[in-house]
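[1] output the structure for:
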Amino acid sequence: MSISTTIKSIQDLMRQDVGVDGDAQRIGQLVWLLFLKIFDDREQEWEMFSERYTSPIPAPLRWRHWAADPAGITGKELKDFIDDELFPELQELVRRTDDPKAQVISSVFADAYNYMKSGHLIRQVINKIQEGIDFNKSQQRHAFGDMYEQILKDLQSAGNAGEFYTPRAVTEFMVAQIDPKLDDKVMDPACGTGGFLTCAIEHKRKHYVKHTQADEKRLEASIFGVEKKPLPHLLATTNMILHGIEVPSQIRHDNTLARPLKDWSKEERVDVIVANPPFGGTEEAGVEKNFPSDIRTRETADLFMALFIRLLKDNGRAAVVLPDGFLFGEGTKSRLKEKLLSECNLHTIVRLPNGVFNPYTGIKTNLLFFTKGKPTETIWYYEHPYPEGQKNYSKTRPMRVEEFAPEQAWWGSETDGFASRVENEQAWKVDFRAIKAAAEQRCQPHWDNEARYKQQANVLEITVRQLKEDLKTVKDAAIRATLNEQITQQGNEVRALKAKADAEKKAADAIYWPIFNLDIKNPHVGEQESHDPKVLLAHYQQQQQSMTDTRRKIKAILDIALLSKSGEEA
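    Prediction:
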């Protein structure tokens with residue numbers, strides 16, 4: 001029986017159990033069982049190579065003891081053993097030994113759950129796993145890796161669990177272009193099921209590992225991931241073991257956003273970040289307070305972008321998946337993009353077509369590639385087309401990594417500033433340094449006026465405070481009247497000056513902040529009509545934003561004109 005047939009028959013058995021409700025629970029149940037079976041297979045391998053190997057799991061709890069025998073315990077006895085002994089003991093394992101493997105096992109089972117109610121069905125599932133999967137057979141190991149990919153894809157039909165899976169073609173392309181070296185510390189702070197990290201492992205093995213034990217240890221020490229939710233963390237940990245990471249203790253179950261941004265030290269910074277932060281979601285109230293006030297928001301993807309910039313070393317590289325909304329978003333998003341473009345070289349944006357993440361979301365997404373340490377000068381865009389004869393992606397016709405061959409041939413090298421790149425039907429560039437310089441030149445008179453009005457207002461406020469102090473010591477009614485009149489007059493002048501400063505600021509903002517709209521369309525392709533409601537809604541939102549920007553500019557000009565006129569009349 002093939003592994004895919006085994007997995008399907010196991011899922012069919014689970015559907016008969018009243019305790020398992022939906023794909024997410026079936027996958028959760030399946031994966032903790034697979035984890036124990038795979039770990040036991042790996043232990044057999046470790047025991048062969050080291051006579052001194054000692055399992056961190058107590059003998060009665062090892063898979064070989066309670067699960068491997070097809071005629072072993074079943075029914076109520078099996079269910080009671082799992083619920084009352086196996087889970088509690090494995091969850092507390094880390095308290096009884098300092099073995100790093102025990103830490104991994106405890107973290108996996110901290111939030112795992114035995115959903116199945118029938119001990120007899122549990123026994124049938126275990127027997128299917130024992131009979132159909134032997135991770136120590138190299139052919140089965142490769143086949144199971146492919147099957148595990150399919151399990152992760154199945155999450156896409158498990159409600160919001162679909163957010164955890166990024167198409168393999170996308171992860172492979174992003175990792176290939178970032179090209180992590182053997183000793184580069186690679187991190188995904190929102191690692192989901194570990195797709196980017198497994199691609200990084202495979203890339204390093206293919207290009208930089210010399211198949212020595214020392215190189216494997218260096219590789220293992222270079223992979224870091226953090227995941228907030230229990231199910232994807234369990235999937236990620238198992239995924240690491242499947243990909244040869246013996247002790248995936250650096251895949252932590254935690255929320256990286258729950259820690260103050262300033263607390264991430266230089267020693268914790270990494271060489272490479274590859275990530276697809278959850279977009280469209282919000283963090284629980286209070287998490288945003290871990291971030292500076294100017295970029296404070298509850299939107300998850302925006303907070304992660306701020307974290308990515310913080311976590312990169314100088315010359316560190318990142319590849320990140322983000323929706324169109326980040327490119328054209330205002331407010332906090334604009335300030336975040338200002339930080340990104342000031343501290344990093346955002347050298348490439350690959351614009352993906354609709355449907356890459358179908359069926360989870362039809363939102364258009366982009367791949368942002370940037371390097372920390374120098375401000376952005378030129379942004380290259382590459383619009384990824386559908387394959388010839390195809391108008392969308394689907395479950396049966398997903399994106400394939402071969403589609404990225406034109407981008408890879410065009411890419412060039414960052415060391416020479418991508419000198420070999422040329423514009424073509426799919427590629428164009430934007431001289432951001434020139435755009436920013438021109439905008440700043442236009443803003444400078446407004447900024448100068450704003451500063452002058454604020455300074456004048458500050459001087460007058462000092463005078464008003466002094467007049468108020470003088471008033472406290474004066475009893476003569478005529479003098480008090482004169483002082484009060486001066487206080488009122490100068491107070492009015494202060495308010496007028498502050499209004500002028502505010503008008504100048506708004507005028508400058510109307511010029512400056514629109515330069516951070518990175519939603520630049522392909523100039524080589526005419527406007528294409530779409531009847532997709534999501535595309536039409538996004539287009540409508542962009543039009544509304546454009547009209548808002550225009551209204552702001554007009555209002556700022558009118559405010560300055562009216563204030564100047566009222567100043568002259570006064």
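
[2] what mean pLDDT does stretch 181-197 have?
    The average pLDDT within stretch 181-197 is 94.

[3] one more: stretch 494-506?
    95.

[4] might you list the low-confidence residue ranges for the stretch 351-500 of the chain?
    For the stretch 351-500 of the chain, applying pLDDT under 70 flags the ranges 359-360.

[5] try 80
    Across the stretch 351-500 of the chain, residues meeting the criterion (pLDDT under 80) sit at 358-362, 395-396.

[6] where exactly do the helices run in it?
    405-410, 432-473, 477-512 (DSSP state H, counting those that start in this stretch).

[7] mind putting those helices into a markdown table with distance to Val20 and mean neighbour count?
    C-beta here means a position set from N, CA and C on the backbone, and glycine is covered the same way. As requested, those are arranged in a markdown table below (distance: least, C-beta to C-beta, whole Å; neighbours: other C-beta atoms under 10 Å):
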| stretch | distance to Val20 | mean neighbour count |
| --- | --- | --- |
| helix 405-410 | 42 | 13 |
| helix 432-473 | 52 | 14 |
| helix 477-512 | 55 | 17 |
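
[8] would you mind giving the ones you listed as TSV with distance to Asp179 added?
    Converted to TSV, those look like this (distance: least, C-beta to C-beta, whole Å):
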stretch	distance to Asp179
helix 405-410	11
helix 432-473	24
helix 477-512	35
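
[9] looking at the ones you listed, which is closest to Glu377?
    The closest of the helices of the stretch 351-500 of the chain to Glu377 is helix 432-473. By C-beta to C-beta, the value is 4.3 Å.

[10] Thr238 against Ile38, yeah?
    Yes - if you go by C-beta atoms under 8 Å, Thr238 and Ile38 touch, sitting 6.6 Å apart.

[11] tell me the secondary structure at the closest residue to Thr193 other than its chain neighbours.
    Ranked by C-beta to C-beta, 6 or more residues apart in numbering and with sequence neighbours excluded, the top spatial neighbour of Thr193 is Leu235, at 4.1 Å. Three-state call for Leu235 (DSSP: H, G, I helix; E, B strand; the rest coil): helix.

[12] report the separation between Leu235 and Thr198.
    11 Å (C-beta to C-beta, to the nearest Å).

[13] okay, those two: which has more neighbours?
    Taking other C-beta atoms under 10 Å, Leu235 and Thr198 do not tie; Leu235 has more neighbours (30 against 26).

[14] how about low-confidence regions in the stretch 51-200 of the chain?
    Short version for the stretch 51-200 of the chain, where the test is pLDDT under 80: 133-165.

[15] list the contacts for Val356?
    Counting by C-beta atoms under 8 Å, 6 or more residues apart in numbering, Val356 touches 167, 170, 365, 393, 399.

[16] got the domain boundaries for the protein?
    Domain assignment for the chain by automatic domain parsing gives 1-136, 145-412, 433-451+492-569.

[17] could I get the ones you listed as a markdown table with distance to Phe418?
    Listed next are the domains of the chain as a markdown table, based on distance: least, C-beta to C-beta, whole Å:
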| stretch | distance to Phe418 |
| --- | --- |
| domain 1-136 | 41 |
| domain 145-412 | 4 |
| domain 433-451+492-569 | 15 |
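
[18] pick the most deeply packed of those domains.
    When those are scored by mean count of other C-beta atoms under 10 Å, the highest mean neighbour count falls to domain 145-412 (a mean of 19).

[19] just how off-centre is that domain within its chain?
    6 Å (C-alpha atoms, centre = their mean, to the nearest Å).

[20] average pLDDT for the longest strand along the chain, rounded please.
    If you go by DSSP state E, the chain has its longest strand at strand 312-323. The average pLDDT within strand 312-323 is 96.

[21] who are the packing partners of that strand?
    helix 168-178, strand 270-275, helix 300-311, strand 365-372 (3 or more C-beta pairs under 8 Å, 6 or more residues apart in numbering; DSSP states H and E).

[22] 6 Å instead, please
    helix 168-178, strand 270-275, strand 365-372 (3 or more C-beta pairs under 6 Å, 6 or more residues apart in numbering; DSSP states H and E).

[23] make sure His211 is indeed in a strand.
    No - assessed with three-state DSSP, His211 is coil; it does not lie in a strand.

[24] got the phi and psi for it?
    phi 60, psi 30 (degrees, to the nearest 10).

[25] quick one, what contacts Pro167?
    Counting by C-beta atoms under 6 Å, 6 or more residues apart in numbering, Pro167 touches Met399.

[26] switch to 7 Å and redo it
    Pro167 makes contact with 356, 398-399, according to C-beta atoms under 7 Å, 6 or more residues apart in numbering.

[27] try Ser334
    By C-beta under 7 Å, 6+ apart, the contact set of Ser334 is 513, 516.

[28] ends of stretch 9-25, how far apart?
    Distance between the boundary residues of stretch 9-25 (C-alpha to C-alpha, to the nearest Å) amounts to 16 Å.

[29] so how far is that stretch off the chain centroid?
    31 Å.

[30] specify the local secondary structure of the nearest residue to Leu30 once chain neighbours are set aside.
    Sequence neighbours aside, Ile10 is the residue nearest to Leu30 in space, at 6.2 Å (criterion: C-beta to C-beta, 6+ apart). Three-state assignment for Ile10 (three-state DSSP): helix.

[31] so Ile10 is in contact with Lys128, correct?
    Yes - Ile10 lies in contact with Lys128 (C-beta atoms under 7 Å); the separation is 5.0 Å.

[32] how about the strands in this protein?
    Under DSSP E, the chain gives strands at 186-188, 223-227, 251-253, 270-275, 312-323, 344-351, 365-372, 378-383, 427-431.

[33] mind checking those strands for the one nearest to Lys289?
    Among those, strand 223-227 sits nearest to Lys289 (C-beta to C-beta), with 19.6 Å.

[34] that closest one pairs with which strands, and in what direction?
    Strands that pair with strand 223-227, judged by DSSP bridges, come out as strand 186-188 (parallel), strand 251-253 (parallel).

[35] between those, which one is closest to Glu284.
    Using C-beta to C-beta, the nearest of the strands paired with strand 223-227 to Glu284 is strand 251-253, at 16.7 Å.

[36] so what touches the closest one?
    Residues outside strand 251-253 that contact it (C-beta under 7 Å, 6+ apart) are 107, 110, 191, 194, 225-227, 230, 233, 236-237, 240.

[37] what do you get if the cut-off is 10 Å, keeping everything else the same?
    Strand 251-253 has contacts (C-beta atoms under 10 Å, 6 or more residues apart in numbering) with 103-104, 106-108, 110-111, 188-189, 191, 194, 197, 223-230, 232-234, 236-241, 245.

[38] roughly how far does the residue of the chain most remote from its centre sit from Thr488?
    Within the chain, the residue lying farthest from the chain centre (C-alpha atoms, centre = their mean) is Asp476, at 68.9 Å. In this view, Asp476 and Thr488 are 18 Å apart by C-beta to C-beta.

[39] got the contact list for the residue nearest to the spatial centre of the chain?
    Taking C-alpha atoms, centre = their mean, the centroid of the chain lies closest to Pro277, which sits 1.9 Å from it. Under the criterion of C-beta under 10 Å, 6+ apart, the contact list for Pro277 reads 163, 188-190, 192, 256-257, 299-305, 307-308, 320-322, 326.

[40] this completes my enquiry, with thanks.
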